[in-house]
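Trainee: sequence-free structure coming up:
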Ligand SMILES: Nc1ncnc2c1ncn2[C@@H]1O[C@H](COP(=O)(O)OP(=O)(O)OP(=O)(O)O)[C@@H](O)[C@H]1O
Ligand code: SF4
Ligand SMILES: [Mg+2]
């Protein structure tokens, strides 16, 4: 865990009613060279490095074969805002289809946002193109879920890890690349002599190490990890997570860590955001979210986590959610969680709850005073992931 990032996040959370998003200082750079200089400048530990504001991604739904007509949209991400602080790990959790991977792709500029901004060092990367966008892509890398399909089976490990140098030749001169790849193999705990082997000659855990080495090749500042250990055996998951923590300290990295497994997310994250149907339901430090959740959805998610301690298990309340997750093409009015929420009232159908410190906790310096998008937020004792 990145202590400095965590401290900064804790301090940030301790200030009453301070939104989890900080003020954006848009950097004043107009020429491409100026923008590149801004993007390459270091950020102080604990300062915001990425500031996401009202991010929206709607995928059009079309009908017709020859003349395609838009008949609606899948609202995969629908107004998401958060900060990522330098040196921290921000975990993102939520049920399948809630928009986690779409957020990751938007941050990577693999998808174009429908609306909203993503400020990286004060530059809105959703508006960049050409060389400036290339500089952003060098600094924000991704580690994917499935090490079995994300590595090209016909390429050697050396070629896979060195591939980013083809797009960013400035990161390693041609003659140095093999040496650099060997170093990267060593950094992720693989024998540099394996450089000429193919992906099928490695285990799942080793393949994910190859994926991480490729993610590190360009010396990025941010790594977005989309379910990086979900496809691995439980015994191997811990090794990969430990490696990622070690690399974070060594290379001063900031992580966004997307996963289903709430225990792993708690282990690695300084702060955690809980998504539901394209929106952020609750966000706070790991202690705030796991030990003092105030949003019914988070409480339900946590109550479903298996608890090894029989005493703790006996005393806890298990919240069973009824109903399916509504379609993101036609989300419920007001609070999107209302069709499954046991506390829903008329107001929940009429008003969209904003992600903010709930009024009942405003001005209090207690862990429950963190951002939660619920009209009737309150603490509920659920035994969360250890
Ligand atoms: N290219 C696309 N075109 C249309 N709809 C899409 C596209 N990509 C994602 N979606 C839809 O957007 C919603 C969010 O998908 P996303 O992959 O971001 O969810 P997720 O939270 O990552 O889910 P999972 O946990 O299963 O990986 C889903 O309803 C999905 O079907
Ligand atoms: S706003 Fe209403 S429906 Fe939504 S989580 Fe809170 S109580 Fe439930
Ligand atoms: Mg996903």
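Mentor: Alright, I've got the coordinates. Everything numeric in this text was worked out from a predicted model, so none of it was measured. Ligands and ions are numbered 1, 2, ... in the order given.

Trainee: Of all the residues in stretch 161-168, which ones are buried?
Mentor: Under the neighbour-count criterion of 16 or more other CB atoms under 10 Å, stretch 161-168 has 161-162, 164-165 buried. C-beta coordinates here come from the backbone N, C-alpha and C atoms, glycine included.

Trainee: Spatially, which two of those residues are the most separated?
Mentor: 161 and 165 (9.0 Å; CB to CB).

Trainee: before we move on, back to that, so which of the buried residues of stretch 161-168 comes closest to ligand 2?
Mentor: Closest approach between the buried residues of stretch 161-168 and ligand 2, by CB to the nearest ligand atom: residue 164, at 42.4 Å.

Trainee: Spatially, which residue comes closest to that closest one, not counting chain neighbours?
Mentor: residue 217 (4.6 Å; CB to CB, 6 or more residues apart in numbering).

Trainee: Am I right that that neighbour is in contact with residue 166?
Mentor: No. Using CB atoms under 8 Å, residue 217 makes no contact with residue 166, being 10.6 Å away.

Trainee: Could I get the pLDDT score of residue 70?
Mentor: As predicted, residue 70 sits at a pLDDT of 86.

Trainee: Quick one: residues contacting it.
Mentor: 60-62 (CB atoms under 8 Å, 6 or more residues apart in numbering).

Trainee: Quick check: pLDDT value at whichever residue of the stretch 1-150 of the chain sits closest to ligand 2.
Mentor: As assessed by CB to the nearest ligand atom, ligand 2 sits closest to residue 94 within the stretch 1-150 of the chain, at 13.8 Å. In this model, residue 94 is scored at 94, pLDDT.

Trainee: Check the spacing between it and residue 129 real quick.
Mentor: Distance from residue 94 to residue 129, counting by CB to CB, to the nearest Å: 31 Å.

Trainee: swap in residue 288?
Mentor: In terms of CB to CB, residue 288 sits 38 Å off from residue 129.

Trainee: These two: who's more crowded?
Mentor: residue 288 (24 against 9; other CB atoms under 10 Å).

Trainee: next one: the helix or strand containing the more buried one to chain centre, how far?
Mentor: Per DSSP states H and E: residue 288 is located in helix 286-291. Centroid separation between helix 286-291 and its chain, computed with CA atoms, centre = their mean, to the nearest Å, is 17 Å.

Trainee: ok, residue 157 touching residue 192?
Mentor: No. Assessed by CB under 8 Å, residue 157 is found out of contact with residue 192, at 10.1 Å.
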